[in-house]
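With the input below, show me the fold.
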Amino acid sequence: MAEAHEAVAFSFTVGPEGFNVDVSYDVFKALLYAALRSWKLRCRRTLNSLYNTLYPGHPLRGIACCGIISTLYFKGYDPSFNSIDWLDEHIFRRYLAPKNSKIIACITFGAGVYIVLIQVRQYTLKKLFSYHGWMYQEHGKEFGLVPKVWMGLVKLCIGRNPSLYSCQHLLPTLPLPSLDDTLRRYLRSVRPLYDDTEYQRMEKLAEEFKQTIAKKLQRYLWLKWLISSNYVSDWWEKFIYLRGRSAIMVNSNFYGLDVLYVRPTTIQTARAANLTCAAFRYRTELDHENIKPLMVQKLIPLCSSQYERQFNTVRIPGKETDRIVHYSDSRHIVVYNKGRWYKVFMFYKDNLLEPSELQLQLDEIIRDTTPPDNGEEHLGALTAGERTAWAEARETYFRSGINRSSLEAIEKSAFVLILDDEDFEIGTNMTGKFDAYAHAILHGKGYDRWFDKSFTFIVSKNGVFGFNVEHSWADAPISGHMVEYVLSEDVMFYGYDELGNTRGAPRFTALKPIKLRWNVSENCHILIEKSLAQAKKIYNDVDLHVYVQDAYGKGFMKKCKLSPDAYIQMALQLAHYRDSGHFNLTYEASMTRLFRDGRTETVRSCSIESSQWVKAMEDPTVTKAERIKLLRLACDYHQQQYRDAMTGNGIDRHLFCLYVVAKFLGLDSPFLQQVLQEPWKLSTSQTQTMYDDKRLSKLIAQKPEMAEKIGWSKFKGVVGAGGGFGPTPASYEERYTNDERAKKAIMVGGGFGPVATDGYGVSYIIASEDLTFFHISSNKSSSETDSKRFGERIHQAMADMRDLLADEISTTSARKTSTKLPTVAPTTDSSA
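Just a heads-up that it's a prediction; the model follows:
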């Protein structure tokens, strides 16, 4: 492949004949297009900022308000009670002609009135959003008077068509829990974990903490709460993510997998081109703030601040702490294939490339026979090893010359695309190939990913997709929203021709990818191989298994009138107790995005109620009725904990911040030390939400034949979990059975590495009415864990719970049937 040479805008030389100036018109034109795009983007952001400041109002309504007031005034009706005359006489008439000063006074008064009305409306909304009583409404029962009045006021005050960041300034501040409540709830949460002696010791430590430094720490934390938009998020990002010196591969980054039963193409470059162009379309929507904020109950906006750093973002290693760098714009991606890194431009004359034009560039990369530079193939291993070593290597060997320019090309790219040289297999039969696919997306070979980028797209030789996400900049639902958009655009908007290639004809001669050049010294090469050895040690120890629960799903759980999430958490408690023989501290991630700059809070799934139910399940003398009663109590309490966490009344973030304050003040607390050192033997995550179903419905209406072909014709909404990975069409391929092709809206989800060395990491997605995926990770070096064995434990726990509740469901169904009139035809609707 022809090498691209660095272009120079102009050069001049001095010779015997005088000055000789050489100007590159093409480069100047490229610079002009770049400047024009930057100017457009800056103007767009300024206008969006103005719109967001006035939301739930609108600039046009403000202009209308000024116009109405001016019209009334000049018609002889003064709505200002002489305020306009006062402004005219005392301010504007000094500088303007009488007629002009009257007009300016009217406009000023009208603008002031509109701004005051907007401020009142904004203040009212902020107070309304601070109310969370609606969340504690018992499921299935009618809302009470207070929630109804609240909903009516919200509907009255909230504006129409909010942009992505319109509601940010309306969101309340994350509340600071009281010290007594946090300590009380903490002690209650650890009661099942300790015997009487250990529990009494913890009670003593907590009381000692309360009587000594706790109130002082709380006062300092209150000051932090007072002056910050969120008293947790900045410390959480800094100390939990960026201060960690161990490898982020497996330990921090998470992954997501492709959809089931759909293979729109098996051509690697075609799939990669469609997905990449769809991602840039999504970035444009983000830049223009056309993506709507996610709304709970279609009323309450969730915080959108995490979207800001999705693209053009990289984690820069430091010797003591890393930092996140976000660039305002990027016009290229970086592609890795067969040990070589390439810079690929995504714009031509300020226009985004079409997939057919990008595919030509990717085909050039695949056909390229240029060998990797010395050290280039394993270069990505630096991002997979220890952070301090990577920071020192970056400072020493990548601070100047071609190494610096090539590294900047990677770090300033929109994201990284990996054209993998292996095939991936995905299905529901739990073969070793499925697990190998999950392994490949989580860590690859340790050197064929750039783990510092905000996210990386990975496309296999046979066109199977996956993505790897750096965790510090945002949580999984943010990436899930983007991937949902990308996967739907891939099929519904772009599509493929009969041969599986991208559609359309290129508008111009294809741009040439630029192969990045590297000058890797021997000492640098040694550091690269050392990092690779560390990475291999980490990923070879990962025991990753995807367990597919297909006997039943959320349909049965809803018939039992139990929360699917609480149901599965109880199944995990039962499975883990049988696996380990005792109760363990359990982490479930909950979001706090009802508040400004909110991220996550911990739900402690192992509770007194759950432990009592688990013991009852293992005690043959306990009756089935008693077990069902205990299960319902455990699920109800879990739901209560989840609601508390979402509304800012969690335990762990508060204690974490008290610990940080203590460290800043140089104070030691045996209690906080004990709390922060407790290992999470079972770490779980389930993110279930609905994203932009209106956009998908519009796509389906525009292309009904395509929707019918891929199984979206009866689309009712998008369900995503385990990161929110979008809708799943049916298959293009005949290799799937009729039963498999009949399944709709099924996602495989994604997962993460184990949190504790002797524990499990479990990410689950309730994919459909009868299908749930569990991504189970652990360490092979631990004698206490085995991911496949734990999958079997989950299988048995789910089966036991179904047997426990089946008779109750049958009895309830029989009662409903017996009360029906004989003239009423039987229904086929099985939804809860």
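
what secondary structure does Y764 sit in?
State at Y764, reduced to three classes by DSSP: H, G, I helix; E, B strand; the rest coil: strand.

Can you get me a residue count around the closest residue to A214 other than its chain neighbours?
In space, and not counting its chain neighbours, A214 is closest to L179: 5.6 Å by C-beta to C-beta, 6 or more residues apart in numbering. Yep, even glycine has a C-beta here, placed from its N, CA and C like the rest. By other C-beta atoms under 10 Å, 17 other residues sit near L179.

Let me see the contact set for L179.
L179 sits next to K210, A214, K215, Q218 when contact means C-beta atoms under 8 Å, 6 or more residues apart in numbering.

Buried ones only from the residues you listed, please, as a ChimeraX command.
Under the burial definition 16 or more other C-beta atoms under 10 Å, those of these that qualify are selected in ChimeraX by:
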select :214,218
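
Out of the contacts of L179, which comes closest to A806?
For these, the residue nearest A806 by C-beta to C-beta is K210; the value is 47.5 Å.

Spit out the contact partners of G761.
S683, T684, G751, F752, G753, P754, V755, I776, S777, S778.

Could you single out the nearest of the residues you listed to G152?
For the contacts of G761, with G152 as the reference and C-beta to C-beta as the criterion, the closest is T684, at 37.3 Å.

Y77: neighbour count?
So Y77, with other C-beta under 10 Å, has 9 neighbours.

From K99, how far out is it?
19 Å (C-beta to C-beta, to the nearest Å).

Also C277?
To K99, C277 is 56 Å away according to C-beta to C-beta.

repeat for I765
Per C-beta to C-beta, I765 is found 68 Å from K99.

and these two? which has more neighbours close in?
Higher neighbour count among I765 and K99: I765, with 29 against 8, using other C-beta under 10 Å.

That one contacts G751, doesn't it?
No: using C-beta atoms under 8 Å, I765 is not in contact with G751, being 9.5 Å away.

which regions of the protein lie under the pLDDT threshold?
The chain contains residues with pLDDT under 70 at 1-31, 33-34, 140, 427-431, 510, 687-700, 702-746, 811-832.

Which strands and helices lie in contact with the one helix or strand A438 maps to?
According to DSSP states H and E, A438 maps onto helix 432-442. Secondary-structure packing of helix 432-442 (3 or more C-beta pairs under 8 Å, 6 or more residues apart in numbering; DSSP states H and E): strand 254-257, strand 465-469, strand 542-549, strand 750-752.

Flag every buried residue along the first one.
Spelled out, it's strand 254-257. F254, Y255, G256, L257.

Please apply the same query to stretch 186-196.
Going by neighbour count (16+ other C-beta under 10 Å), the buried part of stretch 186-196 is Y186, L187, S189, V190, R191, P192, L193.

can you give me how far it is from the chain middle?
Here the centre of stretch 186-196 is set off from its chain's centre by 32 Å, with C-alpha atoms, centre = their mean, to the nearest Å.

can you tell me the distance between the two ends of it?
Stretch 186-196 has an end-to-end distance of 16 Å (C-alpha to C-alpha, to the nearest Å).

quick one: L47 from L54, how far?
Distance from L47 to L54, by C-beta to C-beta: 11 Å.

So between those two, which is more surrounded?
Each of L47 and L54 has its neighbours counted (other C-beta under 10 Å); L54 has more, 18 against 13.

what's near enough to touch the more buried one?
L54 makes contact with G62, I118, according to C-beta under 8 Å, 6+ apart.

Ok, which of the helices and strands packed on helix 432-442 comes nearest L286?
With C-beta to C-beta as the criterion, L286 lies closest to strand 465-469 of the helices and strands packed on helix 432-442, at 16.0 Å.

From the contact counts, what lies against that closest one?
strand 254-257, helix 432-442, strand 455-459, helix 476-488.

rewinding a little: using CSV, lay out the helices and strands packed on helix 432-442 together with distance to T456.
Output for those, formatted as CSV (distance: least, C-beta to C-beta, whole Å):
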stretch, distance to T456
strand 254-257, 10
strand 465-469, 5
strand 542-549, 18
strand 750-752, 13
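
Could you say which one of those strands comes nearest to Y336?
Of those, the one closest to Y336 (C-beta to C-beta) turns out to be strand 465-469, at 12.1 Å.

Partner strands of the closest one, with direction?
The pairing partners recorded for strand 465-469 under DSSP bridges are strand 254-257 (antiparallel), strand 455-459 (antiparallel).

Out of these, which gets nearest to G110?
Taking C-beta to C-beta, strand 455-459 is the member of these nearest to G110, at 46.7 Å.

Pull the residues that contact that closest one.
Contacts for strand 455-459 (C-beta under 8 Å, 6+ apart): 268, 271-272, 275-276, 279, 310, 415-420, 440-441, 444, 449-450, 465-470, 479, 482.

got it, and stretch 293-300?
By C-beta under 8 Å, 6+ apart, the list of residues contacting stretch 293-300 reads 129, 134, 151, 154-155, 158, 162-167, 301-302, 304, 477, 481, 593-594, 689, 691.

Looking at those, which are in strands?
Applying DSSP state E to those, the entries found in strands are P301.

related to what we said a few turns ago, redo the contacts of L179 as JSON lines? Include secondary structure and distance to G581.
Below are these laid out as JSON lines (DSSP: H, G, I helix; E, B strand; the rest coil; distance: C-beta to C-beta, whole Å):
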{"residue": "K210", "secondary structure": "helix", "distance to G581": "34"}
{"residue": "A214", "secondary structure": "helix", "distance to G581": "35"}
{"residue": "K215", "secondary structure": "helix", "distance to G581": "40"}
{"residue": "Q218", "secondary structure": "helix", "distance to G581": "38"}
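
Which of the contacts of L179 lies at the shortest distance from A35?
Distance ranking of the contacts of L179 against A35, using C-beta to C-beta, places Q218 first at 51.8 Å.

now the closest residue to L379 other than its chain neighbours, what's its secondary structure?
Distance criterion C-beta to C-beta, 6+ apart; nearest residue to L379, sequence neighbours excluded, is I528 at 6.2 Å. Here I528 takes the helix state, with states given by three-state DSSP.

Which residues are in contact with I528?
When contacts are counted by C-beta under 8 Å, 6+ apart, I528 touches G375, H378, L379, A381, L382, A393, V520.

What is the neighbour count of the second one?
Look at H378: counted by other C-beta under 10 Å, it has 21 neighbours.

Verify the stated contact: R596 with P175.
No: the criterion here is C-beta under 8 Å, and R596 misses it with P175 at 11.7 Å.

Mind checking which of the two has more residues around it?
Counting neighbours by other C-beta under 10 Å for R596 and for P175 shows that R596 has the greater number, 22 against 15.

name the element the more buried one belongs to?
Taking DSSP H and E as the definition, one finds R596 inside no helix or strand.

just the one 10 residues further on next, same as before
Using DSSP H and E, C606 sits within no helix or strand.

Now do it against R191, distance only.
C606 is 10 Å from R191, by C-beta to C-beta.

that older thread, secondary structure added to the contacts of I528, as a markdown table?
Listed next are the contacts of I528 as a markdown table, based on three-state DSSP:
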| residue | secondary structure |
| --- | --- |
| G375 | coil |
| H378 | coil |
| L379 | helix |
| A381 | helix |
| L382 | helix |
| A393 | helix |
| V520 | coil |
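
which one among these gets closest to P355?
Of the contacts of I528, the one sitting nearest to P355 (C-beta to C-beta) turns out to be L379, at 28.4 Å.

Check whether that closest one really touches Y336, as I assumed.
No: L379 is beyond contact range of Y336, at 9.3 Å (criterion: C-beta under 8 Å).

Residues in contact with both of the two, list them for me.
Taking C-beta under 8 Å, 6+ apart as the contact criterion, no residue touches both L379 and Y336.

If you count neighbours, what's buried in stretch 364-378?
Buried residues in stretch 364-378, counting neighbours by 16+ other C-beta under 10 Å, are found at E364, I365, D368, D373, G375, E376, E377, H378.

coming back round to it: and the helices and strands packed on strand 465-469, which is most packed in?
Most buried of these, by mean neighbour count (mean count of other C-beta atoms under 10 Å): strand 254-257, with a mean of 28.
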